[in-house]
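Trainee: Turn this into a structure:
(2 chains)
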Amino acid sequence: MWRKALVVLACAALIGCVKYTLVDADRHSIAGIYSVAPQIEWNETTELGVELWTVNGSMLEALRFISDVEDGDIIFDVGEEEELPKFRAHMTLSEIVEFVVDSMAVAGATNVEPINARPARFGDAEGIRFELSFQSGEGLEQDGIVVGAVIDEQLYLIMFTGVRVHYFPSYKDHVERLIASIEMT
Amino acid sequence: MRLPTIALLCATLALSVACATSDVVDLQPGERPALETDEAGLWMYMEEVEHNLSTSGSIVKAPALNQYVRGIVCRLAPDHCPNMRIYVVQTPHFNASMAPNGYMQVWTGLILRAQNEAQLAYVLGHEIGHFLRRHSLQLWRDARAKSDFLAFFTLGAAAAGVGYVGNLAQLAALASIFVFSRENEREADDVGFRLMAKAGYDPFEAPKIWQALIEERDAVEDEDEAPPIFFATHPTTEERVATLQRLAEQFAVGRAAGVRRQAEILAATAPHRPAWLRGLLRIRNFERNSVVIAHLLENAANVGEIHFFQGEMHRLRGDKDKEDSESAAAAYDKAISLGGAPSEVHRSLGQVYWRMGQSAKAREAFERYLSAEPDAHDRAMIEAQIARMRKGS
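Mentor: Sure, this is the predicted structure:
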């Protein structure tokens, strides 16, 4: 587990090996299942196997699209897969919240607290929504919003996280409008 | 740490080591290396690493717990105590380490596994042994001689981390900077044993903590999935157990039995145990976690709480057959009857009943959860679940 994670860390520390592509403000398809209106321009990359959009860098704010998670799948590829939390199709709504929180903690977030977990629409689908408070590995206070749904026994999540001071509040309204723009394809 | 700073430190060290000798004597209380030495450069580097660690979100700041761990360290090495900084780090794995400049990391996975204070004292004494004998300086000089000192510092660079991802990797990097030789490990074992025995702890507890780790390793059915307990360069754990047992037998001759202080460690860790167990179960290694939980049940401290986490372990494994759900439900029932479990026990019980198709029992358990936890963060979700069950029934 450590070797793979260290490679990721070393690469990210050197920045040069992280490639970004531009996401313009046009409607954007996610996993061929739904589409969103990005609202603003983002930089797109992949981190730990997850599609990630950011404006200032993932340490500061990150919008993650986690898609096609099947029974037995993990969501953050940090190695030693057999020891990581796995999605189960039979999970209750509360267990999905717990699965997301545990996956974040195993990926390095600390003191992760879910807030106000509740049923919510995900486009046309019945889904969930909750907010998050946590600290990054360096101890930076962060906030987050998670929305998601299980569609055809596969889990889809949109997760926005950002540093509590400035970055999360700066992009929160854009993300709320992006979530409201979800349309199933 | 920023990369230019690392590069500068590497250069400084590379220059300063040119005049270093390989003779290493024990560190004296309050001693700081002379500025022109390679050891001073190593300390300077480790001070930066320590700064990063001290601001990490994983540091457990609870004053009483920190004071408790510090108290053990000071009993073991009273003369050096004023120059040591202790950081309790919340991570479920078994580890502790001590840096050459006098800071010690103690992982909560180690404290959770120590069945009494004597066992914890032995491991902390082992780390103090590395510190007193300046093993990291020897390691650094050996690394320099082999021209692989950059690898030594790359770990520190990686430890700077990114985003919220990789904190455990940072911690592992910080701890693994010092992969000591087999001889160094044997020496630290010996020092750790002597420090704990001299401080009045029961010396027969020293081998028991390694024995518990052997049990965890052996519990993993698939040998390929059972990670080695220590680096390959360390003495085998079986050798350590045998050596420490022999030392304990020799030490005990003609002496009164030492103290274990089980009640003290249980009291100091009680407020933190639920969070540490929650962290342990996030590592979905059912076989190893079963061993840790079995040992905690033997300790007979708040058994209801431990049965709750035993149930959580079964629920989280979540096999599709009913065996795990039934085991989880039985453990939750036991936790409820014994008392001491958090109110989440009712929600968890509801979840496994739901999975078992017993919706009336599930609904009842969810309602008990909401009644016990009116401000639950997932109240709306549980209410929706209850409504769905009502509609279905």
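Trainee: alpha carbons only for contacts and neighbour counts from here, please
Mentor: Fine.
Trainee: low-confidence ranges in chain B?
Mentor: Residues of chain B meeting the criterion pLDDT under 70: B:1-23, B:146-178, B:221-234, B:319-321, B:393.
Trainee: now swap in chain A and tell me
Mentor: Ranges of chain A meeting pLDDT under 70: A:1-17.
Trainee: repeat that for 80
Mentor: A:1-18, A:79-82 (pLDDT under 80).
Trainee: Residues of the stretch 251-393 of chain B that sit close to chain A?
Mentor: B:282-285, B:318, B:351, B:355, B:377-382, B:384-385 (Cα under 8 Å from any Cα of the partner chain).
Trainee: Buried ones only from those, please, as a ChimeraX command.
Mentor: Buried residues within those, by 16 or more other Cα atoms under 10 Å in any protein chain shown, are selected in ChimeraX with:
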select /B:282,283,284,285,318,351,355,377,378,379,381,382,385
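Trainee: Show me the residues of the stretch 251-393 of chain B next to chain A that map onto helices.
Mentor: B:Arg282, B:Gln351, B:Arg355, B:Arg379, B:Ala380, B:Met381, B:Ile382, B:Ala384, B:Gln385 (DSSP state H).
Trainee: Please tabulate the residues you listed in TSV, including the columns distance to B:Gln115.
Mentor: Converted to TSV, those look like this (distance: Cα to Cα, whole Å):
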residue	distance to B:Gln115
B:Arg282	21
B:Gln351	32
B:Arg355	35
B:Arg379	37
B:Ala380	40
B:Met381	39
B:Ile382	37
B:Ala384	42
B:Gln385	40
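Trainee: These: which two are farthest apart?
Mentor: B:Arg282 and B:Ala384 (26.3 Å; Cα to Cα).
Trainee: I'd like the distance between B:His93 and chain A.
Mentor: According to Cα to the nearest Cα, to the nearest Å, B:His93 stands 12 Å off from chain A.
Trainee: same question, B:Ala263
Mentor: Relative to chain A, and taking Cα to the nearest Cα, B:Ala263 is found at 28 Å.
Trainee: In contact with that residue, which residues?
Mentor: Residues in contact with B:Ala263 (Cα atoms under 8 Å, 6 or more residues apart in numbering or on different chains) are B:Asn116.
Trainee: If you tally nearby residues, what's the number for B:Gly71?
Mentor: Residues near B:Gly71, counting by other Cα atoms under 10 Å in any protein chain shown, number 13.
Trainee: now do B:Glu216
Mentor: 18.
Trainee: Next, it: secondary structure please.
Mentor: helix (DSSP: H, G, I helix; E, B strand; the rest coil).
Trainee: shouldn't it be in contact with B:Ile293?
Mentor: No - using Cα atoms under 8 Å, B:Glu216 makes no contact with B:Ile293, being 10.7 Å away.
Trainee: which residues sit in contact with the residue nearest to A:Leu140 when sequence neighbours are not counted?
Mentor: Nearest non-adjacent residue to A:Leu140, counting by Cα to Cα, 6 or more residues apart in numbering or on different chains: A:Val163, 6.7 Å away. Shown in contact with A:Val163 (Cα under 8 Å, 6+ apart): A:Met59, A:Leu60, A:Glu61, A:Leu140, A:Glu141, A:Gln142, A:Asp143.
Trainee: could those go into CSV alongside secondary structure and neighbour count?
Mentor: Shown next, in CSV, are these (DSSP: H, G, I helix; E, B strand; the rest coil; neighbours: other Cα atoms under 10 Å in any protein chain shown):
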residue, secondary structure, neighbour count
A:Met59, coil, 21
A:Leu60, coil, 22
A:Glu61, strand, 28
A:Leu140, coil, 22
A:Glu141, strand, 17
A:Gln142, strand, 23
A:Asp143, strand, 24
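Trainee: can you tell me which of those lies nearest to chain B?
Mentor: Using Cα to the nearest Cα, A:Met59 comes nearest to chain B of the contacts of A:Val163, at 3.7 Å.
Trainee: what about B:Glu264, how many neighbours?
Mentor: 13.
Trainee: What of B:Glu312?
Mentor: 26.
Trainee: element containing it?
Mentor: Assessed by DSSP states H and E, B:Glu312 sits inside helix B:303-317.
Trainee: and after that helix, which helix or strand comes next?
Mentor: Next along from helix B:303-317, by DSSP H and E: helix B:322-338.
Trainee: outside of that next one, which residues touch it?
Mentor: Residues contacting helix B:322-338 (Cα under 8 Å, 6+ apart): B:303-308, B:310-315, B:317-318, B:341, B:345-346, B:348-349, B:352-353, B:355-356.
Trainee: Which positions within that helix qualify as buried?
Mentor: B:324-336.
Trainee: just those residues now: which is nearest chain A?
Mentor: Closest to chain A, out of all of these and judged by Cα to the nearest Cα, is B:Ser325, at 12.1 Å.
Trainee: So what's the gap between stretch A:97-115 and the chain middle?
Mentor: From the chain centre to the centre of stretch A:97-115 is a distance of 11 Å (Cα atoms, centre = their mean, to the nearest Å).
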